[in-house]
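Trainee: What would the 3D arrangement of this be:
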Amino acid sequence: MLLGGTVAGPFAGPGEWEQLLIRSGFKAVTAPFDCRTPRGEVDAYREICLKHGVRIAEIGVWKNVFDADPARAAEAKDYAVGQLALAEQTGIACCVNIAGTASTAGWDAADSSNFAPETYERVVLSMREIIDAVRPSSAFYCLEPMPWMLPDSPDTYLALLADVDRAQFAAHMDFVNMINCPRRYLAPEVFVEECFSKLGPYIKSTHIKDTRMHPTHLTTVLEECSPGEGTLDFRRILRIMDRYLPADAPVLLEHMTTFEEYRRAYDYVAAQAAEAGVAV
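Mentor: So this is what the prediction gives:
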């Protein structure tokens, strides 16, 4: 697998970003550009990655296409279409977003409407509309699983893949986001095996991080954290991933804020992979 993440730290343009990339050791990265970036700058980032043998694994949308404000919802959808089109033009396999929410509490909020039957149908139609607007042949539109939003399980993701019924709708894997209850938390390898055994053929990019549960809190409190700061056995989990993913599958660290945090997490996961006999 190709281990990497987001190249963090201050930079002004491709040249300074390249120096951070070299220091990071990453083999795969999130796109440091979007559909509003001048094309010459996009090409410069791509050439840097090509020079260093680094895969641009995914380009994010991270906007709410179901925003309660129609203007913001339309803007989000247009941006999703633009990002998918850019992915197609630049050879990025995975364009990823969350499904969306009608909640007014935030773009990724937990809301009772997120699991309503009509929301499921709305997600299906939304995926079709975005993909059909671009009609990509090599890029895939994917949804990141969420703890409180569709898809929140491997079976729900499989249902969406069938119902959206578009060849360029695929899976983005974030198993920690789906470890949203004690049953999954207390037997994580069983759940991770289920995730990859069911979704492996459809996965275009994977996020990797850790999780911890606060055992003295009632009710359940689960918290995402950096690899090595939680309770996941990465040697076992990396072996599971290695069985189901291609050798060049991108696996990305996320949600850290500094270069040093990413580098520390990368070194930890790489060391765990070496002990597990998994090439990264």
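Trainee: measure the residue nearest to residue 245 when sequence neighbours are not counted to residue 241 for me?
Mentor: Spatially, and ignoring its direct neighbours in sequence, residue 245 is nearest to residue 1 (5.9 Å; CB to CB, 6 or more residues apart in numbering). Where you see a C-beta, it was placed from the backbone N, CA and C, and this is true even at glycine. In this structure, residue 1 lies at 7 Å from residue 241, with CB to CB, to the nearest Å as the measure.
Trainee: and what of residue 54?
Mentor: Relative to residue 241, residue 54 is positioned 20 Å away (CB to CB).
Trainee: can you check residue 235 too?
Mentor: Taken as CB to CB, the spacing of residue 235 relative to residue 241 amounts to 11 Å.
Trainee: Residue 204 now?
Mentor: Here the distance between residue 204 and residue 241 works out to 14 Å (CB to CB).
Trainee: Now for the residue nearest to residue 245, how many residues are close by?
Mentor: Other residues near residue 1 come to 21 when the count uses other CB atoms under 10 Å.
Trainee: and residue 225, what is it in contact with?
Mentor: Under the criterion of CB atoms under 8 Å, 6 or more residues apart in numbering, the contact list for residue 225 reads 209, 210, 211, 212.
Trainee: who does it bridge with?
Mentor: Partner residues in beta bridges with residue 225: residue 210, with DSSP bridges as the criterion.
Trainee: What pLDDT does the model give it?
Mentor: We have a pLDDT of 96 for residue 225.
Trainee: And residue 54 and residue 241? Which one has more around it.
Mentor: Counting neighbours by other CB under 10 Å for residue 54 and for residue 241 shows that residue 241 has the greater number, 26 against 21.
Trainee: Contact partners for the more buried one?
Mentor: Shown here is residue 241, whose contacts under the criterion CB under 8 Å, 6+ apart are 1, 192, 196, 206, 249, 251, 278.
Trainee: In helices, which of those appear?
Mentor: Using DSSP state H to define helices, the subset of the contacts of residue 241 located there is 192, 196.
Trainee: What is the nearest of the contacts of residue 241 to residue 169?
Mentor: Taking CB to CB as the measure, residue 169 sits nearest to residue 206 out of the contacts of residue 241, at 17.0 Å.
Trainee: quick one: the strands in the stretch 51-200 of the chain?
Mentor: With strands called from DSSP state E, counting those that start in this stretch, the stretch 51-200 of the chain shows them at 55-60, 94-97, 140-143, 169-173.
Trainee: between the ones you listed, which gets nearest to residue 230?
Mentor: In terms of CB to CB, the element of these nearest to residue 230 is strand 169-173, at 17.6 Å.
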